[in-house]
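Enquirer: Sequence and predicted structure, then a few things I'm wondering about:
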Amino acid sequence: MEDKQYDDEKKGYLWHENDATIERKGSFVINGEKKYGAIVKSFSKQGQPKYEMMMSIGLMHLNTDKTNDRTPDMGGKVTIDGVIYKLGCWAKETSNGNPFTSLGFREVEEDQHEENLDLAKKIPF
């Protein structure tokens, strides 16, 4: 019997967490670059509190103009390990009714990134 391989590169899932809270949220500087992060408190299977430091990789925006089911419910540009991706998020439900979010990452082409930077420089704040 042949094992089927699922290509999960640039894909993922997020699930609802009932017992997690953001304990602290803020910014810090690493190598001269401002970063944003949060300390999240949750609990182990044994009920013990655990704390995780999580970094923000980009801002997400709700999509209020969905044209079809393939259009993401939420998305934005994120940076992971110095690479810029366009992230799409779709609200879904398992067969037994549990909600989750399906993720899809698409690498932003270098020339698109440069165009966006040039455009951002022209926008007055």
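Expert: All right, it came through fine.
Enquirer: what are the ranges of the strands in the protein?
Expert: For the chain, the strands defined by DSSP state E cover 11-15, 21-30, 33-43, 49-55, 61-62, 74-80, 83-93, 99-107.
Enquirer: Mind putting those strands into a markdown table with mean pLDDT and distance to Gln5?
Expert: Just so you know, the C-beta spots here come from the backbone N, C-alpha and C atoms, and that holds for glycine as well. A markdown table is the format used below for the strands of the chain (pLDDT from 0 to 100; distance: least, CB to CB, whole Å):
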| stretch | mean pLDDT | distance to Gln5 |
| --- | --- | --- |
| strand 11-15 | 93 | 13 |
| strand 21-30 | 97 | 36 |
| strand 33-43 | 96 | 31 |
| strand 49-55 | 97 | 30 |
| strand 61-62 | 96 | 34 |
| strand 74-80 | 96 | 23 |
| strand 83-93 | 96 | 22 |
| strand 99-107 | 96 | 19 |
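Enquirer: Could I get those strands in CSV, plus columns for mean neighbour count?
Expert: Below are the strands of the chain laid out as CSV (neighbours: other CB atoms under 10 Å):
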stretch, mean neighbour count
strand 11-15, 11
strand 21-30, 10
strand 33-43, 13
strand 49-55, 10
strand 61-62, 12
strand 74-80, 16
strand 83-93, 15
strand 99-107, 14
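Enquirer: mind checking which of those is nearest Asn68?
Expert: strand 83-93 (11.5 Å; CB to CB).
Enquirer: residues contacting Trp90?
Expert: Residues in contact with Trp90 (CB atoms under 8 Å, 6 or more residues apart in numbering) are Pro72, Asp73, Thr101, Ser102, Gly104.
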